[in-house]
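Chemist: model this:
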Amino acid sequence: MKGAMIVVVAALVLLALLVFGGAFFIVDETQQVVITRFGEPRPGDPISEPGLKVKVPFIDKANYFDKRFLEWDGDPNQVPTRDKRFIHVDTYSRWRITDPLKYFQRLRTELGALGRLSDILDGETRNVVARHDLIEVVRSSNREFAVTGIPGEETDAGKEIVQGRAKLAVEVLESAQARTEDLGIEILDFRFKRINYVDEVRREVYNRMISERNRIAEQFRSEGAGESARISGEKELELKLITSEAYRQAQEIKGKADAEAADLYAAAYNRDPEFYRFLKTMEIFTEALDKDTVLVLSTDGEFLRYLSRAK
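Modeler: As a prediction, the model looks like this:
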């Protein structure tokens, strides 16, 4: 009975030592593990299958590494292009650990890997951008170029895009992949996230754009003023034509009326000249005399003669 108790106690003690000594460890499906003993990797392949695993307690250590795609987000760097334009280039990349053992031996941790990737990708980005003009870095096709007042765009507008931004990203990716083969990692993708002028050039660009917009606005105002003057001139000309035509027609009508009136007067005069002279005399007196006028007539005057006849 005592022997059985001793065995049970010994088993429990051994189990406690195994558990608390780290003999057992769990590998998740997103992880891979390299076992080291006294800091040196143990012989054998890294553990990549998920499940409960066993190692020597107190001596061995499980080093976990991610199996998933990882992110590298670069810092914006000032880079000169082949045509001496200074720009800020912001990039990002995706990578993964393909050989955990080599990764552990060369880089140790993810922080070390990110630092190494920054050196490689930033350097290759600088090299590729420096070998090409700005237009190749910015554009990816030969679509119609929109002139916006940016310095140097007048010369860039006529250039044909041979490679473009997408092919430059592939060029950076291939160069970086060749430099990471012995690090146990693989760069899966690389992209230009943002490209912009440095602050000094950006201010110049904004000033040029403002000047260009002011020039265009002034051109529109000038064209509008010219069109307004043309419309006003046409309006004045049309108004004068209408006025002169109306005046001509009025004069024709007035002339015809005067002619008809003259014919009527002549006909009346020829029919009774004496009566015509009497009417004209009356009209003259009506226009020339008022109620305060004193009229002195001679005995041989026409008016007195007409009055004498009336009696």
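Chemist: And the helices in the stretch 51-200 of the chain?
Modeler: Per DSSP state H, counting those that start in this stretch, the stretch 51-200 of the chain carries helices over the ranges 100-106, 110-130, 134-138, 153-156, 165-179, 199-271.
Chemist: tell me the most buried of these?
Modeler: helix 134-138 (a mean of 22; mean count of other CB atoms under 10 Å). All C-beta atoms are positioned from the backbone trio N, CA, C, and that covers glycine.
Chemist: what distance separates it from the middle of the whole chain?
Modeler: Distance of helix 134-138 from its chain centroid, counting by CA atoms, centre = their mean, to the nearest Å, is 17 Å.
Chemist: If you count contacts, what does that helix end up packed against?
Modeler: In terms of contacts (3 or more CB pairs under 8 Å, 6 or more residues apart in numbering; DSSP states H and E), helix 134-138 is packed against strand 86-97, helix 165-179, strand 185-197.
Chemist: Identify the spatial nearest neighbour of residue 140, chain neighbours not counted.
Modeler: Leaving out its chain neighbours, the residue that sits closest to residue 140 by CB to CB, 6 or more residues apart in numbering is residue 164, at 3.9 Å.
Chemist: What count of nearby residues applies to that neighbour?
Modeler: 17 (other CB atoms under 10 Å).
Chemist: With residue 277 instead?
Modeler: 13.
Chemist: Put together TSV for the helices of the stretch 51-200 of the chain, with mean pLDDT and distance to residue 298 on each row.
Modeler: Formatted as TSV, those follow (pLDDT from 0 to 100; distance: least, CB to CB, whole Å):
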stretch	mean pLDDT	distance to residue 298
helix 100-106	91	146
helix 110-130	94	122
helix 134-138	87	112
helix 153-156	54	102
helix 165-179	94	118
helix 199-271	86	26
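Chemist: Now the ones you listed in CSV, please, with extra columns for distance to residue 66.
Modeler: Converted to CSV, those look like this (distance: least, CB to CB, whole Å):
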stretch, distance to residue 66
helix 100-106, 10
helix 110-130, 7
helix 134-138, 32
helix 153-156, 43
helix 165-179, 19
helix 199-271, 38
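Chemist: Nearest to residue 188, out of the ones you listed?
Modeler: Residue 188 lies closest to helix 165-179 among the helices of the stretch 51-200 of the chain, at 8.6 Å (CB to CB).
Chemist: what residues does the closest one touch?
Modeler: 91, 93, 120-121, 124-125, 127-129, 132, 136-140, 163, 186-187, 189-192, 195 (CB atoms under 8 Å, 6 or more residues apart in numbering).
Chemist: picking up where we left off before, which one of the helices and strands packed on helix 134-138 lies closest to residue 49?
Modeler: That would be strand 86-97 among these, by CB to CB, at 15.6 Å.
Chemist: before we move on, back to that, reformat the helices and strands packed on helix 134-138 as a markdown table; add distance to residue 284.
Modeler: Below are those laid out as a markdown table (distance: least, CB to CB, whole Å):
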| stretch | distance to residue 284 |
| --- | --- |
| strand 86-97 | 101 |
| helix 165-179 | 103 |
| strand 185-197 | 96 |
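Chemist: can you tell which of these is closest to residue 107?
Modeler: strand 185-197 (7.6 Å).
Chemist: thinking again about what came up before, closest to residue 35 out of the helices of the stretch 51-200 of the chain?
Modeler: Nearest of the helices of the stretch 51-200 of the chain to residue 35, taken as CB to CB: helix 100-106 at 10.0 Å.
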